[in-house]
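Enquirer: Have a look; sequence and predicted model below, questions after that.
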Amino acid sequence: MNKFNKYFDINHIWHPYTSLTNPLPCYYIDSAKGFYLKMKNGKKLIDGMSSWWSVIHGYNNPRLNLALNKQIRKMTHVMFGGITHTPAIKLCKKLLKITPIELNSVFLADSGSVAIEVAMKMAIQYWQALGKKKKYFLTIKNGYHGDTFLAISVSDPNNAFHHTYDSFIKKNLFATAPICKFNDIWNHDDIFSFNQLIDQFSEKIVAVILEPIVQGVGGMHFYHPNYLRSVRKLCNSYEIPLIIDEIATGFGRTGKLFASEHANVVADILCLGKSLTGGTMTLSAVLTTKLISDTISNGKIGTFMHGPTFMGNPLACSVAEASISILEENIWKTQVKDIENQLYINLIKLSNHSRVKDIRVLGAIGVVECYDVINISKIQKFFVKNGVWIRPFKNLIYLTPPYIIDIESLQQLIEIIAKSLENPIFFISNSK
Ligand SMILES: *Cc1c(COP(=O)(O)O)cnc(C)c1O
């Protein structure tokens, strides 16, 4: 039998978080423009996902394409070891311009997970340079920081992805996840568990790492800004570096350019990714304070031990610079605010539905938390049939649309979610 037939994809290509023998169905997308995905059969789908938080300015964006085209004519890639170039310099200048003044250097990496590896390695080398032996990272439950081993070691241990590798994973410290929600009245007890751990283990803690305000893959929770403020204060008093993972939240998604701004908190090490290139290609960045970079650089080893082959890829840098230029014109602020208002008015209406446990909205993020786990393959079939692209996980149906989406299309996304709640076959009964 010829394996190069129409079943090639299903038989030979891995997709994210799936099996090869019993995969979830895949839809064939041929092109994408604005907030539409176009299927191979010609059908258009309204995109509610921004391809996992990344395509903030829409697909096939002419300004991003122009930046790519210009750069293609000059140089698509060159090694970054011993060489520098304008796209990297321009991007790093922009990154330092739009982030807090305390952040002073940029390390360009390949993807979100790699940025996390780099950030954690920097923190380890920081303490090595100071001659201190440290053992653990401290984080909070429900977190997610990527799929590589160091990243897994600080992601929620109860997450189904991670059990499998247990014996290979470095043990770290997990505080109870924040309970106080973004708009709740702050309850200081929320920080108790974190406070206790940092106090008990401060001598052994390399760094604290967490997602600011929004815990994404770990359940789409929006926690109280005072939690992050308290974490910052405790890190200061115990002199422990704070790594903030803005890979999902960065570049406007939560209504602030960076989610840490909700709490006026500055990281010692900041990780950026996902929408950094406007969702065009893979690139991430790790920004640090001068204290961190100087300490590493003045240590016994002196060099930071990381250097990906495609570090500072000129194409990725130039498109990232173009994406940030669009953000600098500040239209995203109204776009995100408008999306937030529309989600707030129309998605919240579903709160009283018997299947719905909670609805929450922050910036251009809308979450419908159901009581039951969702049958992804069945509900996606329904979504696609109705002309929308939404990909739920666990018991969560969520929207993170491109900032450029229009009112009618966002309304359609919301209405189709509402309709899907009416069909019991999309839900796998869960004990409530
Ligand atoms: C997606 C994500 C990562 C991992 O990024 P990849 O590019 O998928 O490796 C890390 N942290 C957070 C918060 C994320 O949402």
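Expert: Looks like it came in fine. Residues are numbered from 1 along each chain as shown.
Enquirer: Contacts only, for the residue nearest the centre of the chain.
Expert: Central residue check for the chain by Cα atoms, centre = their mean: the C-alpha nearest the mean position is that of residue 248, 2.1 Å away. Residue 248 makes contact with 53, 211, 214, 216, 274, according to Cβ atoms under 8 Å, 6 or more residues apart in numbering. (C-beta placed from N, C-alpha, C; glycine too.)
Enquirer: redo that, cut-off 6 Å
Expert: Contact analysis of residue 248 by Cβ atoms under 6 Å, 6 or more residues apart in numbering lists 53, 216, 274.
Enquirer: And the first one, how far from the ligand?
Expert: Just to be clear, that refers to residue 53. 7 Å (Cβ to the nearest ligand atom, to the nearest Å).
Enquirer: again, but for the last one
Expert: When Cβ to the nearest ligand atom is the yardstick, residue 274 and the ligand sit 6 Å from each other.
Enquirer: How about the secondary structure of the residue nearest to the centre of the chain?
Expert: coil (DSSP: H, G, I helix; E, B strand; the rest coil).
Enquirer: buried sites along stretch 199-212?
Expert: 201-202, 205-212 (16 or more other Cβ atoms under 10 Å).
Enquirer: again but with stretch 363-375, I slipped
Expert: Neighbour counts using 16+ other Cβ under 10 Å place 363-370, 372, 374-375 of stretch 363-375 among the buried residues.
Enquirer: That stretch and the ligand, any residue contact?
Expert: No: using Cβ under 6 Å from any ligand atom, we find that stretch 363-375 stays clear of the ligand, coming within 11.9 Å at best.
Enquirer: what sits against the residue in the stretch 251-400 of the chain positioned nearest to the ligand?
Expert: Nearest to the ligand in the stretch 251-400 of the chain, going by Cβ to the nearest ligand atom, is residue 273, at a distance of 5.0 Å. Residues in contact with residue 273 (Cβ under 6 Å, 6+ apart) are 112, 115, 247, 284.
Enquirer: now swap in residue 246 and tell me
Expert: 258, 272 are the contacts of residue 246 under Cβ under 6 Å, 6+ apart.
Enquirer: Am I right that residue 413 sits in a helix?
Expert: Yes: under three-state DSSP, residue 413 falls within a helix.
Enquirer: Report the separation between the residue nearest to the centre of the chain and residue 109.
Expert: In this view, residue 248 and residue 109 are 16 Å apart by Cβ to Cβ, to the nearest Å.
Enquirer: rewinding a little: okay, and which of the buried residues of stretch 199-212 map to helices?
Expert: The helices, defined by DSSP state H, take in residue 201 from those.
Enquirer: Please list which of the buried residues of stretch 199-212 are also close to the ligand.
Expert: residue 211.
Enquirer: what about the residue nearest to the centre of the chain, distance to residue 383?
Expert: 22 Å.
Enquirer: How about residue 254?
Expert: If you go by Cβ to Cβ, the gap between residue 254 and residue 383 works out to 25 Å.
Enquirer: quick one on the thing from earlier: from residue 422, how far off is the residue of the stretch 251-400 of the chain closest to the ligand?
Expert: Residue 273 is 37 Å from residue 422, by Cβ to Cβ.
Enquirer: Break the protein into its domains for me.
Expert: According to automatic domain parsing, the chain comprises the domains 3-60+331-426, 74-328.
Enquirer: Tell me the gap between the longest one and the middle of its chain.
Expert: Its chain's C-alpha centre lies 11 Å from the corresponding centre of domain 74-328 when counted by Cα atoms, centre = their mean, to the nearest Å.
Enquirer: Stretch 377-391 and the ligand in contact?
Expert: No: with Cβ under 6 Å from any ligand atom as the criterion, the ligand is not reached by stretch 377-391; the gap is at least 13.8 Å.
Enquirer: got the residues of the stretch 201-350 of the chain near the ligand?
Expert: So the stretch 201-350 of the chain meets the ligand at 211, 216, 245, 247-248, 273-274 (Cβ under 6 Å from any ligand atom).
Enquirer: could I get the contacts of residue 248 as CSV with secondary structure, distance to residue 327 and neighbour count?
Expert: Formatted as CSV, these follow (DSSP: H, G, I helix; E, B strand; the rest coil; distance: Cβ to Cβ, whole Å; neighbours: other Cβ atoms under 10 Å):
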residue, secondary structure, distance to residue 327, neighbour count
53, helix, 14, 23
216, coil, 20, 23
274, helix, 14, 26
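Enquirer: close to the ligand, is stretch 134-149?
Expert: Yes: Stretch 134-149 lies within reach of the ligand by Cβ under 6 Å from any ligand atom, at 144-146.
Enquirer: Averaged over its residues, which helix or strand of the chain has the lowest pLDDT?
Expert: helix 8-12 (a mean of 92; mean pLDDT, DSSP states H and E).
Enquirer: Run through the neighbouring helices and strands of that one.
Expert: Applying 3 or more Cβ pairs under 6 Å, 6 or more residues apart in numbering; DSSP states H and E, one finds that helix 8-12 contacts no other helix or strand.
Enquirer: helix or strand right after it?
Expert: Once the chain leaves helix 8-12, the next helix or strand it forms, by DSSP states H and E, is strand 29-33.
Enquirer: just how off-centre is that following strand within its chain?
Expert: 23 Å.
Enquirer: returning to that earlier point: top of the residues of stretch 134-149 next to the ligand by number of neighbours, please.
Expert: residue 145 (31 neighbours; other Cβ atoms under 10 Å).
Enquirer: Which secondary structure state does it sit in?
Expert: When classified by three-state DSSP, residue 145 comes out as coil.
Enquirer: and it, what is it in contact with?
Expert: Residue 145 touches 116, 151, 154-155, 245, counting by Cβ under 6 Å, 6+ apart.
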